[in-house]
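1. How does the following fold in three dimensions:
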Amino acid sequence: MMLVVYLLFTMVDTTAKWLIGLGFPALQVAFLRYAGHFAISAGIAATGQTPLRHPKLLLIVLRALLLVVATMLNFIAITYLPLTIISAIAFSVPIIVCLLSVQVLGERVGPWRWGAILLGFVGVIIVIQPFGVDYHWAALLCVVNAFLLAAYSLLTRYLTQDVETQTLQFYGGLTGTIVIAPMAYAVWEPAGTWPELVMWGMLGLCAWAGHEILTRAHNIAPANALMPISYSYLIYMMASDILIFALYPDAIEIVGASVIVLAGLIIWKRGR
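-> Okay, here's the model as predicted:
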């Protein structure tokens, strides 16, 4: 299930990059991703299977907003950067979660995990290459995106204790659709061919399905067992870069990504 999840997320990012390359604005693409997601969630809610009222509604909406902003930044970064770099920086999220868990959740972190946190940020610097000729400002958007996703992850961990998955899915799609709609309308470009319309639909369908299967996988197995499988995402994204966009990662990017993965695995191992 987790391998399918990260394949679906790769399809979302690949489709977004392809559409942006065709000339569709990043904000329009982000809107399409959420509008499709919301259409599916609203259809399920119409059957009466989704509890829409909850005492933690403000936190549910805040969680959705974190993901909405992260998605917009991610799609803007996709315009300029290879998918391999974006996914490599995204793997700093478990490292940031470990860092924030000390401050937010009061969890104890030993010297091994503190060392892994530092190692992970070294890996991010290697990938970004802030002082190299290949540096691009969009990489900073990925770093901000990673912090937003880390906060989203912590809030999700808290809310899933007593909030239905379908409720989170519904408000996630609704919030993204409402927030991005005015911006998307201002830059809207109509689809010219039916393959473009198919890709429009794929964005929302793959995003919704990915989050749905991800949640179901976590209901079956503990997060510690699933976390290492998430690194399949990097393999998928690298394959997409090479096969679809003819973008090959250089040695520095591979080294930086490997350092981030190593740091994440150390945190995972010590967390067990």
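
2. Give the rounded mean pLDDT of stretch 148-162.
-> Model confidence over stretch 148-162 averages 85 on the pLDDT scale.

3. what sits up against that stretch?
-> Contacting residues not belonging to stretch 148-162 are listed as 56, 59-60, 62-63, 66-67, 69-70, 73, 90, 93, 96-97, 99-101, 104-105, 168, 215, 218 [C-beta atoms under 8 Å, 6 or more residues apart in numbering]. Any C-beta I mention is one placed from the backbone N, CA and C, and that applies to glycine too.

4. can we see that at 7 Å?
-> Defining contact as C-beta atoms under 7 Å, 6 or more residues apart in numbering, one finds that stretch 148-162 is touched by 56, 59-60, 62-63, 66-67, 69-70, 93, 96-97, 100, 104, 168.

5. what's the following helix or strand after the helix or strand bottoming out on mean pLDDT in the chain?
-> Lowest on mean pLDDT, DSSP states H and E among the helices and strands of the chain sits helix 223-226, with a mean of 71. Proceeding N to C from helix 223-226, the next assigned helix or strand is helix 232-245, under DSSP states H and E.

6. What are the buried residues along whichever helix or strand comes after that next one?
-> Secondary structure here is assigned by DSSP H and E; on that basis, the next helix or strand after helix 232-245 toward the C-terminus is helix 251-271. For helix 251-271, a neighbour-count test (16 or more other C-beta atoms under 10 Å) marks 253, 256-257, 259-261, 263-264, 266-268, 271 as buried.

7. quick check: mean pLDDT across helix 251-271?
-> The average of the pLDDT scores along helix 251-271 is 85.

8. can I get the CA coordinates of it in PDB?
-> Included here for helix 251-271 are C-alpha records, laid out as PDB according to Å, rounded to 0.1, in the frame of the first residue of the first chain:
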ATOM      1  CA  ALA A 251      26.800  13.500  -8.100                       C
ATOM      2  CA  ILE A 252      26.400  16.300  -5.600                       C
ATOM      3  CA  GLU A 253      22.600  15.900  -5.600                       C
ATOM      4  CA  ILE A 254      22.900  12.100  -5.100                       C
ATOM      5  CA  VAL A 255      25.400  12.600  -2.200                       C
ATOM      6  CA  GLY A 256      23.100  15.200  -0.500                       C
ATOM      7  CA  ALA A 257      20.000  13.000  -0.900                       C
ATOM      8  CA  SER A 258      21.900  10.000   0.500                       C
ATOM      9  CA  VAL A 259      23.000  12.000   3.500                       C
ATOM     10  CA  ILE A 260      19.400  13.100   4.200                       C
ATOM     11  CA  VAL A 261      18.100   9.500   3.800                       C
ATOM     12  CA  LEU A 262      20.800   8.300   6.200                       C
ATOM     13  CA  ALA A 263      19.800  10.900   8.800                       C
ATOM     14  CA  GLY A 264      16.200   9.900   8.500                       C
ATOM     15  CA  LEU A 265      17.000   6.200   8.900                       C
ATOM     16  CA  ILE A 266      19.000   6.900  12.000                       C
ATOM     17  CA  ILE A 267      16.100   8.800  13.500                       C
ATOM     18  CA  TRP A 268      13.800   6.000  12.500                       C
ATOM     19  CA  LYS A 269      16.100   3.300  14.000                       C
ATOM     20  CA  ARG A 270      16.600   5.200  17.300                       C
ATOM     21  CA  GLY A 271      12.900   6.000  17.500                       C
END
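
9. Report all helices and strands that that helix contacts.
-> For helix 251-271, the contact count by 3 or more C-beta pairs under 7 Å, 6 or more residues apart in numbering; DSSP states H and E identifies helix 83-90, helix 93-104, helix 111-128 as packing neighbours.
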